[in-house]
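Engineer: Only the shape, not the letters, is given here:
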């Protein structure tokens with residue numbers, strides 16, 4: 001019984017760590033995109049294909065993914 005709860009707790013900690021890494025990666029990506037000049041284009045991966053986008057839409061997309069990851073982390077913290 002104790003081993004099962006320890007395993008469940010370890011899985012929850014692993015999920016939290018992965019989400020924190022994902023959040024950090026999105027924050028870094030947003031920072032990098034903000035440092036590019038507006039005239040440059042960025043390539044964003046969707047599934048297995050890279051699409052060329054302007055900086056503003058790439059930042060918006062990364063921000064949306066960051067918000068979703070933060071919401072998932074908050075759900076894990078509440079559970």
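Structural biologist: Alright, I've got the coordinates. Note that the coordinates shown come from a computational prediction; the quantities given were computed from them, not determined experimentally.
Engineer: mind listing the strands for this protein?
Structural biologist: 41-46, 49-54 (DSSP state E).
Engineer: TSV for these, including distance to residue 34 and mean neighbour count?
Structural biologist: Using the backbone N, CA and C atoms, a C-beta is placed for each residue, glycine as well. Shown next, in TSV, are the strands of the chain (distance: least, CB to CB, whole Å; neighbours: other CB atoms under 10 Å):
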stretch	distance to residue 34	mean neighbour count
strand 41-46	11	12
strand 49-54	13	12
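Engineer: Could you identify which of the ones you listed has the lowest mean pLDDT?
Structural biologist: Of all the strands of the chain, the minimum mean pLDDT falls on strand 41-46 (a mean of 90).
Engineer: mind listing what that one pairs with, with the direction of each?
Structural biologist: On the basis of DSSP bridges, the sheet neighbours of strand 41-46 come out as strand 49-54 (antiparallel).
Engineer: among the helices and strands of the protein, which has the poorest mean pLDDT?
Structural biologist: Ranked by mean pLDDT, DSSP states H and E, the helix or strand of the chain with the weakest confidence is helix 2-34, at a mean of 86.
Engineer: For that one, name the packing helices and strands.
Structural biologist: helix 55-78 (3 or more CB pairs under 8 Å, 6 or more residues apart in numbering; DSSP states H and E).
Engineer: Quick one: residues contacting the nearest residue to residue 26 once chain neighbours are set aside.
Structural biologist: Of all residues not flanking residue 26 in the chain, residue 66 sits nearest, at 3.9 Å (CB to CB, 6 or more residues apart in numbering). Shown in contact with residue 66 (CB atoms under 8 Å, 6 or more residues apart in numbering): 23, 26, 27, 30.
Engineer: Can you flag the buried ones in these?
Structural biologist: By neighbour count, with 16 or more other CB atoms under 10 Å, the contacts of residue 66 hold 23, 26, 30 as buried.
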